[in-house]
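In: Mind looking at a prediction? Sequence and model below.
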Amino acid sequence: MVTPNSFLNYYSGKLNVIDDSNAELILEPNEDIKGIFKKLKEEFGFIMLIDIFGLDLLKKKSFDPQNERRFQVVYILLNMEMHLRLRVVVNVDVEKNEVLPSCRDLWAAAHWCEREIWEMFGISFGTESEKRLLSVSGLKGFPFRKDFSFNGLDESLDSEESIFENITDVPKYKLNLVDSFSIGPIHPALKGSMKLHLQIEGDGILNSQLEVGYLHRSIEKLCEEKLYTQIIPLTDRLNFFSAASNNIGWCKAVEDLVNIEISDKAKAMRMVASELARVSDHTQCIGSIARAVGMFEPIQLSISIKEIVSSLFERLCGSRFNSSISRIGGMSVEVPSGWVNDCLTTLKVISKKVDEIDTHLTRSTLWIERLRTTTLNAYDAIDLGITGPNLRACGVNYDIRKVSPYYFYEDVEFEIPLGINGDCYDRYLVRIEEIRQSLKIISQVLDSLPLGKMCVDKLKTELDLNPLNFAPNLCEGYSMTETPNGELGFFISSDGENRPYRVKIKGPSFFSAQAFSSMLENTKVNDAMISLCSMNIVAGEVDR
Amino acid sequence: MAREADGLSFLQTQGPEGIDKLALTTRADSFLEKFDNWVQSHSIVPFVFDTACCSLEYGWHFNDQFAHDSFSPEQIEACDSDLLLIGGTINLKTYPLIRKTYEQMPKKKWVVAIGACPMSGGPFPSYNVVKDVSKDIPVDIFIPGCPPTPQDIMDGMKLLKQRIEMGVMASGNS
Amino acid sequence: MILERELYKSIGATRAIAKSLRVYFVTIISGLIKPRLQLVTSFSRGLPELIDSKNCSNCKKCELICPTNCLSIEEKSDQLESFILDVSACIFCGLCSDVCSPKVLTLTDHRPLASHGESLWKIDLMKRE
């Protein structure tokens, strides 16, 4: 019987408890890393892997090249019952060719993370992880190291290898039905550019693979050269359908790092902005599923709902989508007069239109039959690291706004819808119900909006909040929020200057994209596009 | 860069007389040429190359206008289209595709770049992003903004229509 | 909350036809009678503008904070000589006007910015006052 105390006592020498929901454990590579992870997963209940990333310590002020190893690999694990996030830090030295053991058989979500660490840092996890994921083939060197400089591409490394192996166990009369083709990277049903390779036999899919990297802008490398406030317009462009929640996630991460408490009105308006972004994102997703099926009436309705939400944002801060609405310590604009009234009247219009979409789609025979495909098991979903509405459609009750609430989410009343089977119809039902719950949250917050100022004012802190001089002390931390797609997390490591040393962005669509190819067995080609739209895989979050 | 007007700034060429001020070669003298341009401006076939956030603004509006004409945008070939609409960040991995698309289009073609990313890399000055698409692919109309509002895009399309009616092409073949 | 079991069963053909007819008539009639929702937008972030260049304190904070480095300021003997903005790189985020302390740099709502590709995209904000 495992209790929180038994876990804390077992590793009491090496464990560093930060607060109720965060802890840190430091390991060296000559220890039995694989054995420790197996024990953590099977005995102590850390069943979900949130992220794996690498750190290069070369330019840190306290780095000692003789006595310390240059690279670090950090794993973030989640225990869903204790709501504890554990950071396991492993020091590794690439010069001596130290190979870390791969965790692919414990958590299936680790495969793409290890591939990304290999191509960006050069740390190897075995031969299976030495394949390119995001960067262009022909790139020389490892981009995220501190001493990297771009020297042009090497044309000779560009090779066209076939992605699928030849099928041999098909009876001879079916051999000429076996074919392979690809969809993308530019297609109206895809959200951003990515390429889907399919190997088919007649109408059914045998193998599939999603190729990403067509929108890789290396935002994390750019963050190391920019001020903390200059990163806010960059985070807008991650999940570009709901830009306001990404801004709020970044500002919340910086404020948690230095323990700044913002004013009550700023907290309330941040909640309103992120719930409006959630309404916009979910209607976009439902509209795109309807477009893939071929029904045109819900598309017009979802466009009109998005127009209403965009014009509300335009009245608030001047820009429809990429708004950069929050700043470190507050918001960027004050609420204009009359905005709260406009918002409350348009909420009624939005909820009527959502009911109209409901009468068109829910319980109609065509819709249910086309959407009963690609089921996802709850165990597989947790293994693959999926969070957000995709996880709740499988029946797992996990929402950050309920289990580790922030701002005023404890004081408002709302419910979390859960699905049963985990197929596309469940994801659609969960999203429509979440829109209704978001409208309920917005009306409750706006009915009792606190007084005060929202822009950055005198806050109780010793740090200088001027954007050019803001420099946290030597610290690092991980913080997360619930965005429309799942858990968006930021890991910030600061070296005492006004630019961060390392930023890692955990995008929820990255893990959905990895899970997508294992979901497509025994389905038909027509259903592949519908399930891609229903998982809401946005290329800006996958590639960053 | 030139501070005095070596060329004209974009604000001065925005109106209908912009083409005269820039002294571009037009092709609208005889009746047959004018008729040709008129037909071209009413039957333009777009090839939408959208990779990122700018696709939100025009993708949903322009793509669905063709729904009731039974025109399915999924099946456009590059060799059948006249107008290349570039929106979103262009990557080192995506750049060969756009180059191939441009070369496969027929000789009379127009190119419109939407957003700040194809013009100058936008907010992403990293090693992996192509900073200026117009160095290799001559562009007719630029629409700055991040992302530009639908009103901006409609204005840009009106300017493009004037360009087609006067027979002006940036790709150099007239 | 678990969604109701009723939602997972599709409705029969006669009920579906009755529902479609009802939705059809209701949307036609309500489209004719109900007034359209008119939303008034106040302003939209557009081209930056220097209101009063004589009050500019040459602190160059706007140049340092710009995420795309599209501003470049030249001064001659403590007087502002030229203030160049590269419109092709500007993302209209508003950080430069937030940081300006004498408040001489603001964002106007001058929005239609499309133009021909052969024109220049760098303008001098001092000459446009």
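Out: Yes, it's here.
In: what are the ranges of the helices in chain B?
Out: For chain B, the helices defined by DSSP state H occupy B:18-22, B:31-42, B:55-63, B:95-104, B:117-120, B:150-166.
In: Over to chain C?
Out: Listed in chain order, the helices of chain C (DSSP H) span C:13-33, C:61-65, C:95-99.
In: which one in chain C is furthest away from the centre?
Out: Residue distances from the centre of chain C (C-alpha atoms, centre = their mean) peak at residue C:14, which lies 48.9 Å from the mean C-alpha position.
In: Please give me every residue in contact with residue A:437.
Out: Counting by C-beta atoms under 8 Å, 6 or more residues apart in numbering or on different chains, residue A:437 touches A:414, A:415, A:416, A:417. To be clear about C-beta, it is placed using only N, CA and C from the backbone, and glycine gets the same treatment.
In: Checking it next. Helix, strand or coil?
Out: Classification of residue A:437 by DSSP: H, G, I helix; E, B strand; the rest coil places it in helix.
In: Read off the pLDDT value for it.
Out: Per-residue pLDDT puts residue A:437 at 92.
In: cool, residue A:13 as well?
Out: On the pLDDT scale, residue A:13 gets 68.
In: One more: the one 3 residues further on?
Out: Turning to residue A:16, the model gives it a pLDDT of 77.
In: ok, what's across the strand from it?
Out: residue A:24 (DSSP bridges).
In: For residue C:115, see how far away it is.
Out: Distance, residue A:16 to residue C:115, by C-beta to C-beta, to the nearest Å: 58 Å.
In: Compare these two and say which one has the larger neighbour count.
Out: residue C:115 (27 against 12; other C-beta atoms under 10 Å in any protein chain shown).
In: ok, what's across the strand from the more buried one?
Out: Going by DSSP bridges, residue C:115 forms beta bridges with residue B:142.
In: Surely it touches residue B:159?
Out: Yes. Assessed by C-beta atoms under 8 Å, residue C:115 is found in contact with residue B:159 at 7.0 Å.
In: list the residues that contact both of these two?
Out: What both residue C:115 and residue B:159 touch, as defined by C-beta under 8 Å, 6+ apart, is the set B:14, B:18, B:141.
In: which among these end up buried?
Out: Neighbour counting by 16 or more other C-beta atoms under 10 Å in any protein chain shown classes B:14, B:18, B:141 among the shared contacts of residue C:115 and residue B:159 as buried.
In: Please name the nearest non-neighbouring residue to the last one.
Out: Nearest-residue entry for residue B:141: residue B:112, 4.7 Å, with adjacent residues in sequence omitted and distances by C-beta to C-beta, 6 or more residues apart in numbering or on different chains.
In: Same question for the second one.
Out: When the adjacent residues along the chain are set aside, residue B:18 lies closest to residue C:116, with 5.8 Å between them (C-beta to C-beta, 6+ apart).
In: what residues are up against that neighbour?
Out: B:10, B:13, B:18, B:19, B:22, B:24, B:140, B:141, B:142, B:159, B:163.
In: The lowest-mean-pLDDT helix or strand in chain A: how far from the chain's middle?
Out: Ranked by mean pLDDT, DSSP states H and E, the weakest helix or strand in chain A is helix A:4-10, scoring a mean of 70. For helix A:4-10, the separation from the chain centroid amounts to 30 Å (computed by C-alpha atoms, centre = their mean, to the nearest Å).
In: Outside of it itself, list whatever touches it.
Out: Under the criterion C-beta under 8 Å, 6+ apart, residues A:15, A:17, A:44, A:82, A:84 lie in contact with helix A:4-10.
In: Please, a ChimeraX command that selects the buried ones among those residues?
Out: The ChimeraX selection below is limited to those of these classed as buried (16+ other C-beta under 10 Å):
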select /A:44,82,84
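In: Turn the contacts of helix A:4-10 into a markdown table, including distance to chain B.
Out: As requested, the contacts of helix A:4-10 are exported to a markdown table (distance: C-beta to the nearest C-beta, whole Å):
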| residue | distance to chain B |
| --- | --- |
| A:15 | 38 |
| A:17 | 38 |
| A:44 | 40 |
| A:82 | 38 |
| A:84 | 36 |
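In: Was I right to think residue A:463 contacts residue A:258?
Out: Yes. Judged on C-beta under 8 Å, residue A:463 makes contact with residue A:258 at a distance of 6.1 Å.
In: Name the SS class of residue A:73, please.
Out: Using three-state DSSP, the structure places residue A:73 in strand.
In: Look up how far residue A:130 lies from it.
Out: 15 Å.
In: which of these two has more neighbours?
Out: Higher neighbour count among residue A:73 and residue A:130: residue A:73, with 23 against 13, using other C-beta under 10 Å.
In: Nearest residue to that one in space, please, no chain neighbours.
Out: The shortest distance from residue A:73 to any non-neighbouring residue, by C-beta to C-beta, 6+ apart, is to residue A:90 (4.9 Å).
In: quick check, the one you found in a helix?
Out: No. Per three-state DSSP, residue A:90 lies outside any helix segment and is strand.
In: For the helix or strand that contains residue A:248, enumerate the helices and strands it packs against.
Out: According to DSSP states H and E, residue A:248 maps onto helix A:243-258. On a contact count with 3 or more C-beta pairs under 8 Å, 6 or more residues apart in numbering or on different chains; DSSP states H and E, helix A:243-258 meets helix A:232-236, helix A:264-293, strand A:326-327, strand A:474-483, strand A:486-495.
In: Dump the C-alpha coordinates for it into PDB.
Out: C-alpha atoms of helix A:243-258 as PDB (Å, rounded to 0.1, in the frame of the first residue of the first chain):
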ATOM      1  CA  ALA A 243      -3.800  32.600 -28.800                       C
ATOM      2  CA  ALA A 244      -5.000  34.200 -25.500                       C
ATOM      3  CA  SER A 245      -4.500  31.000 -23.400                       C
ATOM      4  CA  ASN A 246      -0.900  30.600 -24.500                       C
ATOM      5  CA  ASN A 247       0.000  34.100 -23.400                       C
ATOM      6  CA  ILE A 248      -1.600  33.600 -20.100                       C
ATOM      7  CA  GLY A 249       0.200  30.300 -19.700                       C
ATOM      8  CA  TRP A 250       3.600  31.900 -20.200                       C
ATOM      9  CA  CYS A 251       2.900  34.900 -17.900                       C
ATOM     10  CA  LYS A 252       1.700  32.500 -15.200                       C
ATOM     11  CA  ALA A 253       4.800  30.400 -15.600                       C
ATOM     12  CA  VAL A 254       7.100  33.500 -15.100                       C
ATOM     13  CA  GLU A 255       5.000  34.700 -12.100                       C
ATOM     14  CA  ASP A 256       5.100  31.300 -10.400                       C
ATOM     15  CA  LEU A 257       8.900  31.300 -10.900                       C
ATOM     16  CA  VAL A 258       9.400  34.500  -8.900                       C
END
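In: now the strands: where do they sit in the stretch 301-450 of chain A?
Out: Ranges of strands in the stretch 301-450 of chain A, per DSSP state E, counting those that start in this stretch, are A:326-327, A:330-331.
In: by contact count, what packs against the first one?
Out: So that's strand A:326-327. Applying 3+ C-beta pairs under 8 Å, 6+ apart, one finds that strand A:326-327 contacts helix A:243-258.
In: Please tell me how far residue A:410 sits from residue A:398.
Out: According to C-beta to C-beta, residue A:410 stands 17 Å off from residue A:398.
In: okay, these two: which has more neighbours?
Out: Comparing residue A:410 with residue A:398 by other C-beta under 10 Å, the one with more neighbours is residue A:398, at 20 against 9.
In: ok, the more buried one touching residue A:80?
Out: Yes. Residue A:398 is within contact range of residue A:80, at 6.2 Å (criterion: C-beta under 8 Å).
In: pull the helix or strand with minimum mean pLDDT from chain B.
Out: helix B:55-63 (a mean of 66).
In: Show me what the residue most central in space within chain B is bridged to.
Out: Using C-alpha atoms, centre = their mean, the residue of chain B that lies closest to the mean C-alpha position is residue B:112, 1.0 Å off. Counting by DSSP bridges, residue B:112 is bridged to residue B:85, residue B:141.
In: got the contact list for it?
Out: Taking C-beta under 8 Å, 6+ apart, we find residue B:112 in contact with B:83, B:84, B:85, B:86, B:139, B:140, B:141, B:142, B:143, B:156, B:157, B:160.
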